[in-house]
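K.L.:
Build me a model:
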Amino acid sequence: MGVNLKVDFCSHEAAKYAVMKWHYSKAMPAGKLIKIGVWENESFTGVIIFSRGATVNIGKPFGLNQTEVCELTRVALSKHNCNVSRIISLGIKLLKKYNEGLRLIVSYADSGQGHLGIIYQAGNWLYSGYHTGEIYININGHVMHRRSVHAKYGTSSIEKLKGSKKVYASGKYKYLMPLDKKMRKKIEVLRKPYPKELKNA
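P.N.:
Have a look, this model is predicted:
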């Protein structure tokens, strides 16, 4: 029996529920978000979230401004039958339909969570390399990106945030999905062989 898969925009409440319940971060990304829900046989099974990313310079290496690039920041799914790469592909089609100027999507696989980026490899994303860990902030046991901390508290200064300390995140595998032929040709020079083993295993 086949699975009736539906991918469509969802509410902030539904997205937050999925992230808190099914994503290892237990935290919503900061900034403007595009939240795409996933349903299998009419049952809500999760969310895909696209955002501006953790840095305002996300598009700079590719000669793009902030309206031309975004980051796939969350894939939060419960038990599901459809391939994640297929779900993401449908989510991207919906994203493109309502964001015509978008040219590139960036995503990362966190080696500290045992993620190699298999779902991106299955979706034919371009792998551009391994990036060493960034500095995050631990506030009373909650680890957050500096941008998320600043958005919530108005500062990311360790000196001003009580009960906070710096923590070093694990490295990440960077993947790129070009959305037009010119962009694909432009970033093709960055392509590296897909990783097969975790660097931080």
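K.L.:
how close does residue 59 sit to residue 51?
P.N.:
Distance from residue 59 to residue 51, counting by CB to CB, to the nearest Å: 13 Å. Yep, even glycine has a C-beta here, placed from its N, CA and C like the rest.
K.L.:
do the same with residue 125
P.N.:
Applying CB to CB to residue 125 and residue 51 gives a distance of 17 Å.
K.L.:
higher neighbour count, those two?
P.N.:
When residue 125 and residue 51 are compared for neighbours, residue 125 comes out ahead with 23 against 19, by other CB atoms under 10 Å.
K.L.:
so what's that one scoring on pLDDT?
P.N.:
We have a pLDDT of 97 for residue 125.
K.L.:
Wait, it touches residue 173, no?
P.N.:
No - applying CB atoms under 8 Å, one finds residue 125 not in contact with residue 173, separated by 10.2 Å.
K.L.:
what touches both of the two?
P.N.:
Each of residue 117 lies in contact with both residue 125 and residue 173 under the rule CB atoms under 8 Å, 6 or more residues apart in numbering.
K.L.:
which residues of the chain fall in strands?
P.N.:
Here the chain has its strands, by DSSP state E, at 5-9, 33-40, 43-51, 69-77, 104-110, 126-131, 135-139, 142-144, 164-168, 172-178.
K.L.:
The lowest-mean-pLDDT helix or strand in the chain: partners in the sheet, and parallel or antiparallel?
P.N.:
One helix or strand of the chain scores below all others by mean pLDDT, DSSP states H and E: strand 142-144, with a mean of 71. When pairs are called by DSSP bridges, strand 142-144 turns out to pair with strand 135-139 (antiparallel).
K.L.:
which other helices and strands contact the longest helix along the chain?
P.N.:
Across the chain, the longest stretch assigned as helix under DSSP state H is helix 84-98. Contacts defined by 3 or more CB pairs under 8 Å, 6 or more residues apart in numbering; DSSP states H and E place helix 84-98 against strand 5-9, strand 33-40, strand 43-51, strand 69-77, helix 118-122.
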